[in-house]
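[1] No letters, just coordinates:
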């Protein structure tokens, strides 16, 4: 897992979900998905499957804040779990990424809840 790609992903997420063009987001998630699928590690392969789910949600036409929020939260939880087995130099950025994913997921779920009322 190249740390420069990890840091670029964190930086993009820090700027907010809507600041990232969909094409860039899809390229980024595709890169992660391929690396995780090829890893041979079940935890990372689970992450790859959830990334595929997120890609489907983003390209499926109607965007569902609830579904995307749930997917981002799941990715955050899975990233947090993966950080436990990561090399020392990747632990801190992976935990930061997990927190960002969960925060964006939570924000979307709160927005969906508000919109429903």
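    Perfect, I can see it now. The structure displayed is predicted, hence computed values, not measured ones.
[2] Where does pLDDT dip in this protein?
    By pLDDT under 70, the weakly predicted segments of the chain are 1-2.
[3] could you redo the last one with a cut-off of 50?
    Applying pLDDT under 50 to the chain picks out residues 1.
[4] residue boundaries of the helices in it?
    Counting by DSSP state H, one finds helices in the chain at the ranges 3-14, 22-37, 42-59, 65-83, 88-116.
[5] quick one: residue 66 and residue 51, what's the gap?
    For residue 66, the distance to residue 51 equals 18 Å [Cβ to Cβ, to the nearest Å]. (C-beta placed from N, C-alpha, C; glycine too.)
[6] Among the two, which residue is more densely surrounded?
    Between residue 66 and residue 51, counting by other Cβ atoms under 10 Å, residue 51 is the more crowded of the two (22 against 14).
[7] Who are the contact partners of the more buried one?
    29, 32, 33, 36, 75 (Cβ atoms under 8 Å, 6 or more residues apart in numbering).
[8] Noted, bye for now.
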